[in-house]
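[1] here is a sequence with its predicted model. Questions after.
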Amino acid sequence: MSSGNDSGPVDIAIKVVRQWKETYGWIPIFGAVAAIAAAFLTGGNNLPAPFSTPIESGSLTLLKAFVVACVIYVPGAAFASCGCSVNDLFSDFLKENQPSEGFLMWSMVVVLITAATWLALATYLQLPVSPQQSMQGALLGTILVTEGFSYLPLWNKNANHNFNGGGILWIFLEWTVAPLIAFACALILFSVMKASLLRREHAEKWVLVFLPFAYGISAGLLCLFFMFQVIPSITAVHSWVTIAAVATAAMTGALLSLGLVIPLAMKKVNVDKNYKTKKRNMSRSIDQKCIESQEQTCISTKSLDDEAQFEEALKDFMQMRVLDTVYEEEDERSWASPDSIKEPEPEPTPAHSHSVSEDQSNTEKSRSFRQLLESSPNQGQSRHFHKIDKITTPVENALRFIRGSSKSAFSHANEYDRQTLVRHALAEKYDDVEGLFIFPQIIASCIFALIQSANEVAAIVSPYGAILDVFQHRVKYSGNGESVESIHVNWWFKAIGGFGAAVGFLICGRRLTQCLGGKLTYISNSRGLAAQLSTVAAMILVHKIKLPVSSVHVFVGSLVGVGVADDARNVNWKLLFKFICGWVLTILFCTGIAYVIFSVSIHSPAYVVP
């Protein structure tokens, strides 16, 4: 029962029931199921962050990203997690006075149920939220039930509790540090990349010079993660050892890339140049044949003779489309059906000069492009006016759903609304060198995924470790919590959580992957590399200074930094405001739900367990 706190809400038991393990043996089983469900939903909400930029830039498909996630998250959650996240979240909480050990276990189950509920709702609403922040809010709700609203201060610490840090408002401010650091890193990094690499003449050569530094930075950040978070849980590490190890890893990564990766990149550049030269020569040969034939029908073919002319026409069209979109009405529902639009009857055209025919062909080409984009399926609010000829059976609907899911998993398909397409059209393109950033971006994404598996996927199953520890060692929790030690979760259970997160990413992560990979700002391989490296650096730095950090918060800050470095108009500020509201709502929603569930539980009839 309660120790030293006579004002607790549970003071009287109505009868004595069975022994401890016989009475509460169902709680660890139920807690394990809730922990795996929370890990599954964490995968659907958080795992899109490291894989959104490679998928949406075309470097990976969803199925390939799932395979990579299984390879990284299972061993990462099992062995790379140092356990500090478990202690930070629950060690202070377990030292607080509780009504009974049974309610202490049940409070952990309430935390898991609340976090899983909010993660499911946030994934449905396309809100990337933090599972650790969700658990903090749920813990706060259970504390308010047992201790009252005056127990926790708003700003400074008080003598009522043993929590590290300040009050509620201070905790909110701590969560804003990591996204701001990531924003600054991404803004600086991509601005430097644009000025020194992407906008330079002969950008391919400058990118080839930059790639060894990118691989060296990635290797150094990976080593820094192990030296700061993994190895200190095994043995003490001196600062000079950390510096030497990081420098050695960075140099090794750069040298290996010079010997292995850079030659392949140079070969790719040569292949692309040969392909463009061959295509240009083929266009010129077609042009020569048209001139020699001197036929009037060759005028329509001449519009396709040169790739540069085609790209220029496409660029002019996109600019025209952007201007038209800005000044068009927002209500698209009033548009008429394409079936009801009658094409104007063609008028007989007399013979014109060469220049008049060429202008007319360009006008017709722009009109055809306009019609193609208006009927494009890559619209968020696509307009389909076809009729359903026959009634489909449930089996046919299931097969259609499976085919659609497999298509999205094996192939890459974007579906964006008009405003997103406008932002993508306004973004500056570097198509000649984007292919060189594919592999560096994937490497940075894998490092980001490893850090996320160690910090967040392992932390989401940590309440199960607390439940099991209370169930097996009831005596040390019967006092005031002075004998409570560090909590450890079995590696095999964390591995199950990592695999569950990967499966959740495959099943539930497609919408958030697209939301983070293209709807917030335009993403290419170079932009994805800058965002991923900035995210990894910010997470390591913030974790070192012992502040709360969420991978999705940091990644959103990096995406905004890349978008602002490109052009502030290319950032979806409404979507960013929606994300921020979701982050604030995380604490409020989880606190309220946990308060209601735990309050109903704790005010039910009590039993004494011998």
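    Nice, thanks for sending it over.
[2] let me know the helix or strand that Thr535 is in.
    For Thr535, the element it lies in under DSSP states H and E is helix 525-544.
[3] please report how far Ile438 lies from Leu211.
    According to Cβ to Cβ, to the nearest Å, Ile438 and Leu211 sit 11 Å apart. Heads up, the C-betas are built off the backbone N, CA and C, glycines and all.
[4] C-terminal to the helix holding Thr535, what's the next element?
    Downstream of helix 525-544, the first helix or strand assigned by DSSP H and E is helix 551-566.
[5] from the contact counts, what lies against the helix or strand following that following helix?
    Using DSSP H and E, the next helix or strand after helix 551-566 towards the C-terminus is helix 573-602. Where contact means 3 or more Cβ pairs under 8 Å, 6 or more residues apart in numbering; DSSP states H and E, helix 573-602 is packed against helix 101-124, helix 131-147, helix 551-566.
[6] average pLDDT for the helix holding Thr535?
    In this model, helix 525-544 carries a mean pLDDT of 93.
[7] how many neighbours does Cys70 have?
    Neighbour count of Cys70, defined by other Cβ atoms under 10 Å: 17.
[8] leaving out sequence neighbours, find the closest residue to it.
    The shortest distance from Cys70 to any non-neighbouring residue, by Cβ to Cβ, 6 or more residues apart in numbering, is to Ala502 (4.7 Å).
[9] these two touch, right, that neighbour and Gly76?
    No: assessed by Cβ atoms under 8 Å, Ala502 is found out of contact with Gly76, at 10.5 Å.
[10] and the two? Which one has more around it.
    Ala502 (29 against 24).
[11] that one belongs to a helix?
    Yes: counting by DSSP: H, G, I helix; E, B strand; the rest coil, Ala502 falls inside a helix.
[12] per-residue confidence at Lys578?
    94.
[13] which residues does the closest residue to it other than its chain neighbours contact?
    Distances taken as Cβ to Cβ, 6+ apart place Leu127 nearest to Lys578, at 7.0 Å, with adjacent residues excluded. Applying Cβ atoms under 8 Å, 6 or more residues apart in numbering to Leu127 gives the contacts 578-579, 582.
[14] what about Leu127, distance to Ala538?
    Computed as Cβ to Cβ, the Leu127 to Ala538 distance reads 21 Å.
[15] quick check: Trp26 vs Met135, distance?
    From Trp26 to Met135 the distance is 22 Å (Cβ to Cβ).
[16] more crowded one of the two?
    More crowded of Trp26 and Met135, by other Cβ under 10 Å: Met135, with 26 against 9.
[17] now do the same for the more buried one: its pLDDT.
    Model confidence at Met135, given as pLDDT, is 89.
[18] Glu204 now?
    For Glu204, pLDDT reads 86.
[19] same check on Ser191?
    pLDDT recorded at Ser191 is 94.
[20] what's the answer for the one 3 residues further on, then?
    At Lys194, the pLDDT value in this model is 92.
[21] so who does Ala454 touch?
    With Cβ under 8 Å, 6+ apart, Ala454 has these contacts: 76-77, 80-82, 225, 229-230.
[22] an error on my part: the question was meant for Phe493.
    32, 35, 461, 464-465.
[23] re the thing from before, quick one: which of the contacts of Leu127 has the most company?
    Highest count within the contacts of Leu127 by other Cβ under 10 Å belongs to Phe579, 22 neighbours.
[24] which one is it nearest to, not counting chain neighbours?
    Closest to Phe579 by Cβ to Cβ, 6+ apart is Val556, at 5.8 Å.
[25] how far away is Glu107 from Glu396?
    Slight slip there: residue 107 is Ser, not Glu. Relative to Glu396, and taking Cβ to Cβ, Ser107 is found at 47 Å.
[26] ok, the contacts of Leu127 vs Gly148, which is closest?
    Comparing the contacts of Leu127 against Gly148 with Cβ to Cβ places Gly582 closest, at 28.3 Å.
[27] any low-confidence regions in the stretch 251-400 of the chain?
    In the predicted model, the stretch 251-400 of the chain carries pLDDT under 70 at residues 272-273, 275-276, 279-280, 283, 287, 289-392, 395, 398-400.
[28] what ranges do the strands span in this structure?
    For the chain, the strands defined by DSSP state E cover 15-16, 607-608.
[29] adding distance to Ala247 and neighbour count, write the contacts of Phe493 out as CSV.
    Listed next are the contacts of Phe493 as CSV, based on distance: Cβ to Cβ, whole Å; neighbours: other Cβ atoms under 10 Å:
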residue, distance to Ala247, neighbour count
Ala32, 43, 18
Ala35, 40, 29
Val461, 35, 30
Tyr464, 39, 27
Gly465, 36, 23
